[in-house]
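Enquirer: Let me see the structure of the following:
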Amino acid sequence: MPYAPHASSRYDAPSGVKAVLGPTNTGKTHLAIERLCAHSSGAIGFPLRLLAREVYDRVCKIKGENNVALITGEERIEPKNARYLLCTAEAMPVTDRSLAFVAIDEAQLAADRERGHVFTDRLLHARGREETMILGSATIEPLVKALVPGVEVVSRPRFSTLSHSGAKKLSRIPPRSAIVAFSAEQVYAIAEMLRRFRGGAAVVMGALSPQTRNAQVALYQSGEVDYLVATDAIGMGLNLDIEHVAFAGLSKFDGRRHRRLTTAEMAQIAGRAGRHQRDGTFGTLTGSGGHDSEFEPEEVYAIEEHRFPPLTKLFWRDPEPRFDSIATLIADLEAPPERPELAPAPEAIDLAVLKRLAEDPDIASTVNGRAQIARFWEVCRLPDFRQQGSETHARFIARLWQDLKQGELGADYMAQQIAQLDRTGGDIDTLQGRIAAIRSWAYIAQRPDWVLARDEMAARARAVEARLSDALHGKLTERFINRRTAVLMKKLGPDAGLLSVRLEDEEVLVEGEHIGSLRGFGFQVDPGARLTDRKLLLAAAERHLPALLQARADALAAAIHEGGAPLTLDGGAISWEGERIATLTAGRSLLAPVLVPERVLDAIPAPSRKALVAALEAWLETALEPLAPLRKLDEASRSEEAGPDLRALLISLVERGGMAAREETGVDRLDKGRRTMLARIGVRVGALDLFLPAMLRPGPIALWRQLARVAGKQAPGGEPDAAMPPAMDAAKRQRAPGYRNLGKQLIRLDMAEKLLREAHEARGTGSASRDFALDPARAVSMGLTTSSYARLLRMAGFQPVMPRPLAEDAHGPPAPVRWRWRPPRRQVEEVRVQPVRADSAFAALGELIGADRGR
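Expert: Below you'll find the predicted structure:
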């Protein structure tokens, strides 16, 4: 018979063993927690540290932290008087019969190739003084009945139904779904795609630390994201609010070969969908590649009906090998079981490392005696957290043994090893590698006789793992979650009105996420947004901005009515906060433009938009009040009393901004009554020009020029300089509105009229041939040069009369220039100024004027 030490005596079981079996979502774990708390003491063994920690937190709330212990390979929280132990299967006490209650969770893992022998041992030997509970899948029922005499089997039905929903594209996967892939690369690719068009996903993989996994799960559970992308690590120990599970593939590499999942493995993963009384669905992901990406009909039937072939073997390995020699140890670990229900466990990594190091004479020669062999075996059993294979792990174990064979690891050495890993920089893979390494040192620090200052080193290792986990969580969130898109995608449905939308300065925040800025009434997408996010942000703006726009429109309309709105009219457009909100177009006349609201106002709800447009029209009417004198002319041009000549003159003045050269108006053809009417409506008839004095100011001129452009009429160009009198660049000597062009200088029409009126008063009532002198003081005060003043006078018909030059032997000042007026017979533009001789009396007049200006 194959060797199996103490086997026959240890298969017997005391009474009180109950096997609670059934599919996922049957409340098995919840029942075990209730039974644990009903006893005076107890322990539960879990397949994952993550699950042990979750239940530890729950039991602490019931029994208090001083009464509850957490025991795992990497973390131990053991109050002195703890009576309730939450453990991983490897760390749970087996031979201790002082506990009233003992339970082992997920017992079907006894068929797992790597860890199965551990669960088989706990199923066979872990017993409570009063009650023992075995939790697991119904597939293990025949073997439990065969291996545990007198066991009571309780079958529990699933609380909710699980149904197949077929294959779906990733873009069609519903919210609150988990997508399961079987490689890190595929997990990353799917999470990236979900980030682009769904805002992102939480990521769960077996390589993550429990803390990182919990943080990612919290993102999903809180609703911050609606999708979870995971490896098959999701199939155990994670109770989530998942409504649908989508398989990205149905095959995986199990460490030896690439194979299709068994129906039990499919069901374990699919069973994450639908918790408590909510039904769940499962299906596959189309476009994920692979020839085996669809469920077979018999697989669908098995998963929906929870009908799976029973397990036929559980893996077993001698839990109490002899330590007489390394060869004896290896022989016991490879010994076959004596029961037909058990099968020899495949070579696990701890045994592979032991055999590899036993072949190294430098290592084997240092392992002598039972105690040393037992210690060496404990070192070989260090878990391969790095998942780098037996050869790499064996090298790490060899280096560790060189330090442990003589005693304990020093505090300085441990602190140095831990400090080397205390770096939070790097990418996701780098951080995962550091977390795996620190978990190894955390495990080492927990061993009672391996490390000096054990408690301090264990605390340091946990602290570094926590910092690295936080950094990894941050990297995963940064890479795979677009919080803004996630928020918007969740709220673009019928409940969009529930969203928190607010405006900070000009920044639009939806649920605290910046989506763009509001300038005037125009929404501008955040320039930092990805191209793929722009449509989403615009859609979000359409749904969530009307309320903000309505408030803005109402506030602006109220400000307009109160006279405090900062609106501007420029280029035929009305702007607010630098953004155009309305445009003027040609109306029935130049002075009656039509206000056309910009399209940005279309997003404002209709009542508020109508009120705002009415307020803008009222504001425009007020803004155009400086053109009231022109409106007066426009109204007079429609009067029947005006007659055709005056009507034509008035229309011409309106189109020219209330000013025109006298010779172009035909004013001299008007009778006295029409001229009186012209004066009554404010038109001044000057020597050279007709003009409205009120229209000579810059403001009215600028308004008229805008309206002329809006009406499609060409307004005189050229903007004079601010100097008095204004000058213009030679290249821009066009006639500026309101000014008379004197060559290098311009003079405003009313100023020119003052000078000419003064000249006519000096002329008196004498005959036209009478000479007279002019005082240039007013021209000098206006800043006119001699040539400019002379040009103005000649335009109005004044001609200089040059005095005779002094005799060669005469001395004294030259005689002053005198003037003579003759009515102009030619167009003003054709008047030429004769060149002034340097020795003439008129030149002397210029010198005197210059001297006066110098003083």
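Enquirer: Report all helices and strands that the lengthiest helix in the chain contacts.
Expert: Using DSSP state H, we find that the single longest helix of the chain is helix 454-480. Applying 3 or more C-beta pairs under 8 Å, 6 or more residues apart in numbering; DSSP states H and E, one finds that helix 454-480 makes contact with helix 184-198, strand 202-204, helix 210-221, helix 411-420, helix 428-446. Just so you know, the C-beta spots here come from the backbone N, C-alpha and C atoms, and that holds for glycine as well.
Enquirer: Residue 524 should be in a strand, yeah?
Expert: Yes. According to DSSP: H, G, I helix; E, B strand; the rest coil, the state of residue 524 is that of a strand.
Enquirer: Give the burial count for it, as a bare number.
Expert: 14 (other C-beta atoms under 10 Å).
Enquirer: Then residue 81?
Expert: Neighbourhood size, residue 81 [other C-beta under 10 Å]: 8.
Enquirer: Which parts of the stretch 451-600 of the chain are helices?
Expert: Applying DSSP state H, counting those that start in this stretch to the stretch 451-600 of the chain gives helices spanning 454-480, 483-491, 531-544, 546-562.
Enquirer: pLDDT on the longest helix of the chain, on average?
Expert: What helix 454-480 shows for mean pLDDT is 90.
Enquirer: Please point out which parts of it sit buried.
Expert: Neighbour-count burial for helix 454-480 flags 454, 457-458, 460-462, 464-465, 467-469, 471-473, 475-477, 479-480 (criterion: 16 or more other C-beta atoms under 10 Å).
Enquirer: cool, stretch 433-449 as well?
Expert: 433-447.
Enquirer: and what of stretch 227-246?
Expert: In terms of neighbour count (16+ other C-beta under 10 Å), stretch 227-246 has its buried residues at 227-240, 242-246.
Enquirer: before we move on, what about stretch 604-620?
Expert: 604, 608-609, 611-613, 615-616, 619-620.
Enquirer: Any idea how far it is from the middle of the chain?
Expert: 34 Å (C-alpha atoms, centre = their mean, to the nearest Å).
Enquirer: mean confidence score for it?
Expert: Stretch 604-620 comes out at a mean pLDDT of 92.
Enquirer: what's in contact with it?
Expert: Stretch 604-620 has contacts (C-beta atoms under 8 Å, 6 or more residues apart in numbering) with 521, 546, 549-550, 553-554, 556-557, 560-561, 565, 567, 569, 574, 581-582, 584, 593, 595, 597, 601-602.
Enquirer: Which among those count as buried?
Expert: Neighbour counting by 16+ other C-beta under 10 Å classes 521, 546, 549-550, 553-554, 556-557, 560, 565, 567, 569, 574, 581-582, 584, 593, 595, 597, 601 among the contacts of stretch 604-620 as buried.
Enquirer: CA-only coordinates of the helix or strand hosting residue 780 in PDB, if you can.
Expert: Applying DSSP states H and E as the criterion places residue 780 in helix 777-781. Taking Å, rounded to 0.1, in the frame of the first residue of the first chain, the C-alpha atoms of helix 777-781 are listed here in PDB:
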ATOM      1  CA  ALA A 777      -4.800 134.600 -33.900                       C
ATOM      2  CA  ARG A 778      -7.700 132.100 -33.900                       C
ATOM      3  CA  ALA A 779      -6.100 130.000 -36.600                       C
ATOM      4  CA  VAL A 780      -2.800 129.900 -34.600                       C
ATOM      5  CA  SER A 781      -4.700 128.900 -31.500                       C
END
